[in-house]
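> Here's a sequence, model it:
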Amino acid sequence: MSLPLLALFIAAFAFGTTEFVIAGVLPQVAQGLDVSIPTAGYLVSGYAIGIAVGGPLLTLATARLSRKTLLVGLAIAFTLGQLACALAPDFASMLAIRVAVAIAHGAYFGVAMVVAVGLVREDQRGTAVALVLAGLTISNIVGVPAGTAIGNLWSWRATFWAMFGLGLLATAAMLLLLPRNTGSSDRPAGFRREVRVLGRQQVWTSLILMLMLMIGQFVPFTYIAPMLQEVTGLDAAFVPWVLLLNGVGATLGVFLGGKLADWKLMPSLIALTAMQAVVLAAMYLASPYPIPMVGVISVWGCLSFAIGTPVQTRILRWTADAPNLASSMIPSGFNIGIALAASVGAMILNAGHGYRSLPLLGVGAMLLASLVALLSYHFERRSGAVPPRLDMARSNRCAQAA
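Residues are numbered from 1 along each chain as shown. Below you'll find the predicted structure:
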């Protein structure tokens, strides 16, 4: 891993940990801020809304800043946000701080993806995206359990003090490891052009794939704990271990997806989405049986992130000439998909269907994703369209600015 990519990885790990660790200390936060646990749950949904809405807006508003300046600024905002969370006097201030950090989170991942692919050769873009995404997956394996343990040993405020220290590390990594001229040759493409590239079929079909992926992943995952306990019959004490295996699978999947994206992006994407449909069908069949179910969940986590990496790589590849808005749509789209998946899952359960039925919706979503990917690839090859080269895109933006 190159040192600049290491810096992006560390910050991604920090943002990922602070997003998800709140779930591990939610009861303590609710008690400490004198609110109910359901009310404290708005700290989770508020964060997702901040990413989805605020991230793209902040990315566009800061388009004229150099990328290194912006990334360092976002890391500083993250660090100050963790300090403010550790000192938050009441729930309202805690919620406001979390939303502010989430806006920085959304902008960070949009910018970091663009910077990452600009640091490597064209045939290494998938791997670069995978390294940044690995910060998210590893945060669930290492950061979230560690933060939860700190909260259980001391207090939830100690968790955010630890996150403050992680923010200092991320900021230092940005300052020391990112090249001084990171993004210095980039010029904003203009709002109209940023919007226009979203109309490329490779971009909007990739956003559809992203939405289908989130349905296939988060409709079951949102309710994975009760599914494992009530359908599979596992004791609650074993659920974290199953989720750990899912997280390990997800981390392996990130790097697998990166390699496949660099090798044959669209053929791999078509095959992976079809395979995920099969795995979700296997989840439905295996759900009453503990050992097969644990194995399926591990493979499911691997494929989910193996699909996510080439989807994001494809968006970045086809928007290289105007990447700011499109790149910020990646974390925004994922969080909208997560929120939608959780709501759809709730509707299915409220309609009287059991937890076991949830993977079946994912089967349909992934079959649709495979069909969309196949048709998109067919029309792309038929038209002879080629993605803008990163170096040519930069030259065009510089010429427009001149």
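
> pLDDT (mean, whole number) over the helix or strand containing Asn335?
Asn335 is part of helix 323-350, with elements assigned from DSSP states H and E. The average pLDDT within helix 323-350 is 82.

> and the angle for the helix or strand following that helix with helix 323-350?
The first helix or strand that comes after helix 323-350 along the chain, using DSSP H and E, is helix 358-383. Angle between the axes of helix 358-383 and helix 323-350 is 150 degrees (criterion: axes from the mean of the first three to the mean of the last three CA atoms, to 10 degrees).

> Quick check: chain neighbours aside, which residue is closest to the residue nearest in space to the middle of the chain?
By CA atoms, centre = their mean, the mean C-alpha position of the chain lies nearest to Pro331, the distance being 5.6 Å. In this structure, Pro331 finds its nearest non-sequential neighbour in Phe109, 4.3 Å apart by CB to CB, 6 or more residues apart in numbering. All C-beta spots, glycine's among them, are computed from the backbone N, C-alpha and C.

> The one you found: helix or strand, and which one exactly?
Secondary structure from DSSP H and E places Phe109 in helix 91-118.

> What residues sit buried inside that helix?
For helix 91-118, a neighbour-count test (16 or more other CB atoms under 10 Å) marks 91, 94-95, 97-118 as buried.

> repeat for stretch 199-219
In stretch 199-219, counting by 16+ other CB under 10 Å, buried: 200, 202-203, 205-219.

> What about the residues you listed, which are in helices?
Counting by DSSP state H, the part of those found in helices is 202-203, 205-219.

> what's the burial count for Val195?
Val195 has 12 neighbours, counted by other CB atoms under 10 Å.

> Quick one: residues contacting it.
Leu325 (CB atoms under 8 Å, 6 or more residues apart in numbering).

> Can you show me the CA trace of whichever strand or helix holds it as CSV?
Using DSSP H and E, Val195 falls within helix 191-196. Extracted in CSV, the C-alpha atoms of helix 191-196 (Å, rounded to 0.1, in the frame of the first residue of the first chain):
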residue,chain,number,x,y,z
PHE,A,191,-22.2,22.6,-12.3
ARG,A,192,-23.9,21.9,-15.6
ARG,A,193,-21.2,19.5,-16.7
GLU,A,194,-21.2,17.8,-13.3
VAL,A,195,-24.9,17.2,-13.7
ARG,A,196,-24.6,16.2,-17.4
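
> what about it, distance to the chain center?
24 Å (CA atoms, centre = their mean, to the nearest Å).

> go on, stretch 114-124?
19 Å.

> contacts for that stretch?
2, 4-5, 8, 67, 71, 125, 127-129, 131-132, 178, 182-183, 186, 262, 313, 316-317, 320, 323-324, 327, 389-390.

> I'd like the distance between Leu360 and Ile348.
According to CB to CB, to the nearest Å, Leu360 stands 9 Å off from Ile348.

> pLDDT weak spots in the chain?
Counting by pLDDT under 70, the low-confidence segments of the chain come to 1, 182-189, 390-402.

> can I see the domain layout of it?
Listed domain ranges for the chain are 1-184, 188-402 (source: automatic domain parsing).

> Could I get the buried residue list for the helix or strand in which Ala149 is found?
Using DSSP H and E, Ala149 sits in helix 144-153. Across helix 144-153, burial judged by 16+ other CB under 10 Å covers Val144, Pro145, Ala146, Gly147, Thr148, Ile150, Gly151.

> Give the closest residue to Phe218 in space, chain neighbours not counted.
Among residues not flanking Phe218 along the chain, Ala341 sits closest, at 3.7 Å (CB to CB, 6+ apart).

> Spit out the contact partners of that neighbour.
Per CB under 8 Å, 6+ apart, neighbours of Ala341: Met214, Ile215, Gln217, Phe218, Val219, Thr222.

> now swap in Phe218 and tell me
Gly337, Ile338, Ala341, Ala342, Gly345.

> ok, Ile76 touching Ala170?
No - Ile76 is beyond contact range of Ala170, at 9.4 Å (criterion: CB atoms under 8 Å).

> chain center to stretch 228-246: distance?
23 Å.

> Go through the contacts of Ala341 and name the one nearest Gln31.
Among the contacts of Ala341, Thr222 lies closest to Gln31 (CB to CB), at 24.0 Å.

> what about that closest one, how many residues close to it?
With other CB under 10 Å as criterion, Thr222 counts 18.

> looking at it, it is touching Gly345, isn't it?
Yes - at 5.3 Å, Thr222 and Gly345 qualify as touching, with contact defined as CB under 8 Å.

> do you know how far the residue nearest to Pro331 is from Gly50?
Distance, Phe109 to Gly50, by CB to CB: 13 Å.

> What of Gly337?
16 Å.

> One more: Val21?
Taking CB to CB, one finds Val21 at 16 Å from Gly50.

> quick one on the thing from earlier: measure how far the helix holding Phe109 is from the centre of its chain, please.
For helix 91-118, the distance to the chain centre is 11 Å (CA atoms, centre = their mean).

> could you give the angle of it to helix 323-350?
Using the same axes, to 10 degrees: helix 91-118 against helix 323-350 is 130 degrees.

> name the helices or strands packed onto whatever helix or strand comes next after helix 91-118?
Using DSSP H and E, the next helix or strand after helix 91-118 towards the C-terminus is helix 125-138. Using 3 or more CB pairs under 8 Å, 6 or more residues apart in numbering; DSSP states H and E as the contact test, the elements touching helix 125-138 are helix 3-24, helix 91-118, helix 239-286, helix 290-318.
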